[in-house]
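**Q** I'll drop the sequence and a predicted model, then ask my questions.
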Amino acid sequence: MRRALVLAALLAACKADLHHTTDANAPGVPGDTLAPSIGDPPPGAVTLTVTRLGQPMPDVAVFFQNADSSLVGASLTNAKGLAWAAMTPGGFVTAVEHKGSGVDELSTFAAVEPGDALALDVEPVGPRDQVTFALTFPDAAAASYAIYTPCGSMHAAATTVAFTGTGCANLVDFVIVPLDGQGTPAGPALSAPSTAIDAPAVALTGAYQPFAATTFAYTSVPASWQFIGLYHAISAERRAYEQSGGTAPSSTVAALQLALPWTAASTLTVTTQFPTTSELGRQQIYNWQPASTVYVLDLGSVQLAPYASAPAYDRTARVVSWTEGTGAQGDVVRARLHLYRDDIPAGRTWTWRIAAPRTATSVAYPQLPVLDFDFNAQPSDTLSIDELTTIQVPGGYAGFRAHAYGDPMLGVTGASGRMVIQTAFSREL
């Protein structure tokens with residue numbers, strides 16, 4: 001006897017009724033209600049905090065499941081945007097955001113571990129706080145100055161100005177570029193990395209240094225790289241000043257130069273593949289390291305194994321699979337399905353994304369309990385794969401998992417490191 005679990009008002013209030021029935025295809029949900037988590041999570045619990053625009057998002061349905069999709073627990077996020085459950089290693093945590101008008105977005109964290117503090121911002125936004133302080137910097141006898149920081153830039157006619165930044169951290173990188181009467185750079189620049197701005201007045205020190213040209217040399221360039229895009233910035237974590245360029249490879253090599261102010265800080269170099277038309281994906285290689293006048297990268301040895309076939313979804317096994325050529329292996333895979341189900345009185349659209357360790361050329365979705373709607377893909381559903389991304393990142397999936405849907409640039413930390421991201425082009429199934 002088929003049974004369906006009916007959610008009387010999904011996300012409509014702090015509490016929603018679940019009515020038991022039987023479904024041979026979907027795991028059951030214990031208990032008669034889906035309510036917010038109460039109190040504090042116990043030690044070792046897996047927690048999920050859901051936010052929108054940086055603010056807590058209550059009443060989001062969250063499912064905690066074991067690796068075999070059996071249900072551990074289900075609840076709504078509380079007023080702090082928090083839900084939790086005690087779990088064994090390897091399970092799934094899925095948040096269901098009801099956007100309204102027949103549109104939903106599901107986000108699944110795979111292979112979670114006890115004690116994980118997962119975070120999901122369904123509409124990310126950068127820091128918005130503003131800070132204003134008196135900024136003084138050395139005189140270079142210029143007509144004017146351009147001031148660059150990660151949290152704002154400005155033009156200054158004097159060496160003491162009131163600077164207002166938006167979203168500044170406690171430590172800010174400053175780059176001061178003298179300008180001539182036409183507003184073009186005139187001579188050396190001043191780089192002042194990691195400057196504290198926790199006082200009403202900030203005084204930069206140091207000497208103006210000539211711009212330093214860095215030569216970027218690429219070797220073993222695969223034939224699939226039709227053009228190489230280059231982004232270079234200082235510093236790696238707090239990008240105050242940047243330049244970009246590009247070049248077409250000649251046979252298996254390529255070279256170009258970019259000039260940045262001399263700095264004692266680290267630099268970030270992002271190399272972007274503009275692939276040939278036969279390729280199924282695009283790769284970006286992030287390197288951060290101490291500043292140098294020479295940058296050499298063997299593209300053939302660091303690029304991820306390129307996609308050899310478009311991703312496909314097996315609705316019965318709930319698996320996205322693909323094939324790859326030869327190359328380095330990623331640590332993380334992210335995939336996203338886009339589905340539509342024709343229904344009466346109206347159709348329904350939803351997306352379902354998953355983040356998981358990349359252990360093979362496939363990633364398996366959990367089977368969700370059926371509430372008032374069955375989000376598991378059915379044979380008649382229109383389905384496309386909107387995203388397939390593989391990522392090689394310092395710390396692997398374990399270090400990436402908590403913020404799996406955040407900006408991958410959060411992985412750019414420390415004095416040096418490398419991250420490689422490969423994204424497939426989407427296709428309908």
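**A** Perfect, I can see it now.
**Q** can you give me the strands in the stretch 51-200 of the chain?
**A** Along the stretch 51-200 of the chain, counting by DSSP state E, counting those that start in this stretch, strands occupy 55-56, 61-65, 71-76, 82-85, 91-100, 103-112, 117-121, 130-136, 144-149, 152-156, 160-166, 171-179, 190-196.
**Q** of all the ones you listed, which lies closest to G327?
**A** strand 103-112 (23.2 Å; C-beta to C-beta). Every C-beta, even on glycine, is put in place using the N, C-alpha and C of the backbone.
**Q** now the closest one against strand 117-121, angle please.
**A** Per axes from the mean of the first three to the mean of the last three C-alpha atoms, to 10 degrees, the angle that strand 103-112 makes with strand 117-121 is 160 degrees.
**Q** neighbours around G325, how many?
**A** For G325, the count of nearby residues is 13 (other C-beta atoms under 10 Å).
**Q** What pLDDT is listed against it?
**A** G325 carries a pLDDT value of 96.
**Q** Can you give me the distance of it to G300?
**A** 11 Å (C-beta to C-beta, to the nearest Å).
**Q** Can you classify L410 by secondary structure?
**A** helix (DSSP: H, G, I helix; E, B strand; the rest coil).
**Q** Give me the nearest residue to it, chain neighbours excluded.
**A** Of all residues not flanking L410 in the chain, H403 sits nearest, at 5.9 Å (C-beta to C-beta, 6 or more residues apart in numbering).
**Q** Looks like that neighbour contacts Y397 (just checking).
**A** No: applying C-beta atoms under 8 Å, one finds H403 not in contact with Y397, separated by 11.8 Å.
**Q** Mind checking which of those two has more residues around it?
**A** Between H403 and Y397, Y397 has the larger neighbour count (other C-beta under 10 Å), namely 20 against 17.
**Q** any idea how far A67 is from the more buried one?
**A** For Y397, the distance to A67 - C-beta to C-beta - is 15 Å.
**Q** again with L76
**A** From L76 over to A67 (counting by C-beta to C-beta), the distance is 24 Å.
**Q** Same check on F375?
**A** Per C-beta to C-beta, F375 is found 19 Å from A67.
**Q** okay, the two: which has more neighbours?
**A** F375 (22 against 16).
**Q** if I look at that one, how far off is L388?
**A** Taken as C-beta to C-beta, the span from F375 to L388 is 20 Å.
**Q** right, and G327 touches L299 too?
**A** No: if you go by C-beta under 8 Å, G327 and L299 don't touch, sitting 10.1 Å apart.
**Q** Between the two, tell me which one has more neighbours.
**A** Legend: neighbour count by other C-beta under 10 Å for G327 and L299, higher for L299 (22 against 17).
**Q** The residue nearest to the more buried one when sequence neighbours are not counted: what's it in contact with?
**A** Nearest residue to L299 in three dimensions, chain neighbours excluded: V221, at 5.1 Å (C-beta to C-beta, 6+ apart). Going by C-beta atoms under 8 Å, 6 or more residues apart in numbering, V221 touches I228, P249, S251, T252, V253, A254, L299, G300.
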